[in-house]
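Q: Fold the following, please.
(chains A and B)
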Amino acid sequence: MTSFNSDNPASIVSVTDRVRKVELPQSATALHFLGDSAGFVGVENSISFANASGNVSTHEIHDGGILCTVSDGKRIVTGGDDGKLVTVDASGATETIASDAKRRWIDNVALHPDGAIAWSAGKTAFVRPTKGDEKSLDVVSTVGGLAFAPKGLRLAVAHYNGVTLWFPNMAAKPEVLEWKGSHLGVTFSDDNKFLVTTMHESALHGWRLADNRHMRMTGYPSRVRSMSWTADGKHLATSGADTVIVWPFTSKDGPMGKEPAMLAPLQAKVTVVACHPKNDILAAGYSNGMVLMVRMQDGAEILVRRNDDAPVSALAWNAKGSLLGFASENGDAGLLTL
Amino acid sequence: MSDVAASKIPVTVLTGYLGAGKTTLLNRILSENHGKKYAVIVNEFGEIGIDNDLIIGADEEVFEMNNGCVCCTVRGDLVRILDGLMKRKGKFDAIILETTGLADPAPVAQTFFVDEDVREKTSLDAVVTVADAKWLSARLKDAPEAKNQIAFADVIVLNKTDLVSKAELAEVEARIRGINPYAKLHRTERCQVALNDVLDRKAFDLDRILEIEPEFLGESDHHDHDHDHDHDHHDHGHDHAHGHGHSHGGLKHYHDEDMKSLSLKTEKPLDANKFMPWLQALVASDGQSILRSKGILSFKDDDDRYVFQGVHMMIEGDHQREWKADEPRVSRLVFIGRELPEQKIRDGFEKCIA
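A: Sure, this is the predicted structure:
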């Protein structure tokens, strides 16, 4: 791969000439790779797959706006304001998995490695296991985010004033982790030891699951909308500041009492982060449209996309780590082969 | 600033006690031939017929900001819905948010003060309160929610005026004015009000805080709904400290027992270094009782008008423009609230005079 330049940031290494432009019919809010096919989730109702040669096929998958998406690398699952939960594969074949009876918005969706799907509408979280009946759980307020634990069938449901941890296949009362405020995104660490939420305020909150000890991660100038675990699962990269903030989860205390690493500072806000699936490299998109690849070890940077003032809205690697894709709010999109 | 503001989607908040006619007004807005598309956020989702393409059900979920301020409440569902809607920007021109009859408008307004994403893409246009001419007086006695909605309003649609006598109408108007003399008031039957009287008011736009004189003085003269109220200026240079049931210009004046407005005025320039800390401290200590605040200020050695507005503890302000040569440099402040510490506010304000 292209060598990083850490000595002289003024002459930053650029690979912008190697980016293949992708022509999208509508700007994309999310991006998931199915193999080497890049699925750009449109701001409205469609998904566009771009293959390695840059050909784009677009499929309308909702009767309205797409509100949430997730992928396991084999399929993309989307929830829409048409009250539908739809799965789509790389061929563009779609299947409606669920339709909300009251046509409520499907706000969140999560996938379990074993194929189970979770989604939420209003205050209700639903889980459809690979076998057995669909189950649902009502929480105290509208669901802000969903995440499956890496082990077992356990779902974290983020809401106001905390997170509910639910074993859908067990009769036990779900456990509630409390912390005042509105919790939106939620993620488990790969080792299942920590749970982290993005809050409505400009902060993350975390719990050490062994003893539910709190971890406050504050200091962001704006709300954190994007989190990504590094390849080794030991660091969490986040958006929301004018640098990529990377919290260490290397010790048993997680980031407690530690300073985060601050990488790739710019005069712009980081809007989206995506860690490379194999190497200690991350990609960061900024509010000014710039996309950088950053080496975690020393913060060396490679320019992938120049700034044009349209915020970067989506960023993803394929599973092999050989392709990086991005999209920005002005409808621009590109693919870089490493 | 105005360019940015122009690209923001305006949000009109429709409040009113149960049965006042919110849905009637909503349907009236939607059915008029205005050539505009509205996204409508409602609570009683699917229960009442609303004829619109884009209707979203809300849950009216209020949460407290984690900043130690108990009145800093935000409508979390609104944050989520506006975020979802703004992904479809271009599909609609404006948003109308109907609250439940029992809702407090403050968390809605505060959402627009504190949420960066909401602020970036939308602007709160006005709080429009529909009031039932026949029942409002009774509700003001037994329903604190109804009183809040009147106190908070930028526009009051006094509906069902055909169901009351002239005397009853005068009575209910006086009760409204006892609480909120600053809102635009429109008398209607079946919510027949001109759209431009309720939409596109820019009531929360700092640039539009042009005058904060009480509305009621000239009101008995106009019953029609089609004239432009934007720049009404009631320059009656006298004091409004009326007693209970005091009669003035044919209108009775009541002072509500706990909800009232307080207006302050001085022709002497203020000391910005004293005023700003005083205002901050005031809303920090008494923000829970102050529902709305507004001000146009003249600071010493400053040729610009300074304007501010606030909801409970949240205040935003900015230099607006230069004072005009022929314009008297008068500072005016208005507070609407419950059990306002009037003497404390008056004394504190006096000390801010340069």
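Q: Do any residues in the lengthiest strand in chain B lie close to chain A?
A: Ranked by residue count and defined by DSSP state E, the top strand of chain B is strand B:122-132. No. No part of strand B:122-132 sits close enough to chain A to count as contact by Cβ under 8 Å from any Cβ of the partner chain; the gap is at least 15.8 Å. In short, each C-beta sits where N, CA and C put it, glycine included.
Q: Pairing partners for that strand, with directions?
A: Applying DSSP bridges to the sheet, strand B:122-132 is found paired with strand B:9-16 (parallel), strand B:155-159 (parallel).
Q: Redo those strands as TSV? Include mean pLDDT and distance to residue A:117.
A: As requested, these are exported to TSV (pLDDT from 0 to 100; distance: least, Cβ to Cβ, whole Å):
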stretch	mean pLDDT	distance to residue A:117
strand B:9-16	94	33
strand B:155-159	96	46
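Q: Just confirm residue B:94 contacts residue B:8, I think it does.
A: No. Applying Cβ atoms under 8 Å, one finds residue B:94 not in contact with residue B:8, separated by 10.3 Å.
Q: what is in contact with those two at once?
A: Taking Cβ atoms under 8 Å, 6 or more residues apart in numbering or on different chains as the criterion, residue B:94 and residue B:8 do not both touch any residue.
Q: Can I get the strands paired with strand B:122-132 in JSON lines including mean neighbour count and distance to residue A:217?
A: Shown next, in JSON lines, are the strands paired with strand B:122-132 (neighbours: other Cβ atoms under 10 Å in any protein chain shown; distance: least, Cβ to Cβ, whole Å):
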{"stretch": "strand B:9-16", "mean neighbour count": "25", "distance to residue A:217": "32"}
{"stretch": "strand B:155-159", "mean neighbour count": "26", "distance to residue A:217": "43"}
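Q: can you redo these as TSV with distance to residue A:248?
A: Rendered in TSV, the data for these read as follows (distance: least, Cβ to Cβ, whole Å):
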stretch	distance to residue A:248
strand B:9-16	41
strand B:155-159	53
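Q: Flag every buried residue along the longest strand of chain B.
A: B:122, B:123, B:124, B:125, B:126, B:127, B:128, B:129, B:130, B:131, B:132 (16 or more other Cβ atoms under 10 Å in any protein chain shown).
Q: Please apply the same query to stretch B:341-351.
A: Judged by neighbour count using 16+ other Cβ under 10 Å, the buried positions of stretch B:341-351 are B:341, B:345, B:348, B:349.
Q: Look at the closest residue to the second one other than its chain neighbours and report its pLDDT.
A: What sits nearest to residue B:345 in space, not counting adjacent residues and going by Cβ to Cβ, 6 or more residues apart in numbering or on different chains, is residue B:262, at 6.2 Å. We have a pLDDT of 91 for residue B:262.
Q: ok, the residue of the stretch 151-300 of chain B found nearest chain A - how many residues close by?
A: Going by Cβ to the nearest Cβ, chain A is nearest to residue B:288 of the stretch 151-300 of chain B, at 18.2 Å. Residue B:288 sits with 16 neighbouring residues when counted by other Cβ atoms under 10 Å in any protein chain shown.
Q: Look up how far residue B:108 lies from it.
A: Taking Cβ to Cβ, to the nearest Å as the criterion, residue B:288 is separated from residue B:108 by 17 Å.
Q: again with residue B:194
A: Distance, residue B:194 to residue B:108, by Cβ to Cβ: 24 Å.
Q: Likewise for residue A:25?
A: Taken as Cβ to Cβ, the span from residue A:25 to residue B:108 is 35 Å.
Q: more neighbours, these two?
A: Neighbours were tallied for residue A:25 and for residue B:108 using other Cβ under 10 Å; the higher tally belongs to residue B:108 (24 against 14).
Q: how near is that one to residue B:85?
A: Counting by Cβ to Cβ, the gap from residue B:108 to residue B:85 is 15 Å.
Q: Please determine how far residue A:43 is located from chain B.
A: Residue A:43 sits at a distance of 5 Å from chain B (criterion: Cβ to the nearest Cβ, to the nearest Å).
Q: For chain A, which residues are neighbours of chain B?
A: Taking Cβ under 8 Å from any Cβ, the part of chain A that reaches chain B is made up of A:29, A:43-44, A:65-67, A:81, A:102, A:104-105, A:107, A:122-123, A:141-142, A:144, A:160-161, A:180-182, A:199-201, A:222-223.
Q: what helix or strand does the residue in the stretch 51-200 of chain A positioned nearest to chain B sit in?
A: The shortest separation between the stretch 51-200 of chain A and chain B is 3.8 Å, found at residue A:181 (distances taken as Cβ to the nearest Cβ). Assignment of secondary structure by DSSP states H and E places residue A:181 within strand A:175-188.
Q: Which one of the strands paired with strand B:122-132 lies nearest to residue B:302?
A: Distances from residue B:302 to each of the strands paired with strand B:122-132 were compared by Cβ to Cβ, and the smallest falls on strand B:9-16, at 30.7 Å.
Q: could you point out which element follows that closest one?
A: Beyond strand B:9-16 in the direction of the C-terminus, DSSP H and E gives the next helix or strand as helix B:22-31.
Q: the inter-axis angle of the next helix or strand after that next one versus helix B:22-31?
A: If you walk from helix B:22-31 toward the C-terminus, the next helix or strand you reach (DSSP H and E) is strand B:38-42. Interaxial angle, strand B:38-42 versus helix B:22-31 (axes from the mean of the first three to the mean of the last three Cα atoms, to 10 degrees): 170 degrees.
Q: ok, strand B:38-42 near chain A or not?
A: No. In this structure, strand B:38-42 remains apart from chain A according to Cβ under 8 Å from any Cβ; the gap is never smaller than 10.5 Å.
Q: Return the list of helices and strands in contact with that strand.
A: The contact analysis (3 or more Cβ pairs under 8 Å, 6 or more residues apart in numbering or on different chains; DSSP states H and E) places strand B:38-42 against helix B:22-31, strand B:54-57, helix B:76-86, strand B:94-98.
Q: out of these, nearest to residue B:159?
A: Shortest distance between residue B:159 and those, using Cβ to Cβ, is found for helix B:22-31: 7.5 Å.
Q: What helices and strands are in contact with the closest one?
A: Under the contact criterion of 3+ Cβ pairs under 8 Å, 6+ apart, the helices and strands touching helix B:22-31 comprise strand B:9-16, strand B:38-42, strand B:94-98, strand B:122-132, strand B:155-159, helix B:195-198.
Q: Can you give me the buried ones in it?
A: Burial within helix B:22-31, assessed by neighbour count using 16+ other Cβ under 10 Å, is assigned to B:22, B:23, B:24, B:25, B:26, B:27, B:28, B:29, B:30.
Q: Low-confidence ranges, the chain, go.
A: Because you didn't say which chain, this covers chain A. Low-confidence segments of chain A, defined by pLDDT under 70, span residues A:1-11.
Q: look at chain B instead
A: Low-confidence regions of chain B, defined here as pLDDT under 70, cover residues B:1-6, B:44-49, B:66-70, B:210-253.
Q: So which residues of it form helices?
A: Per DSSP state H, chain B has helices spanning B:2-7, B:22-31, B:76-86, B:105-114, B:116-121, B:136-142, B:144-152, B:166-179, B:195-198, B:272-286, B:342-350. These are given in chain order.
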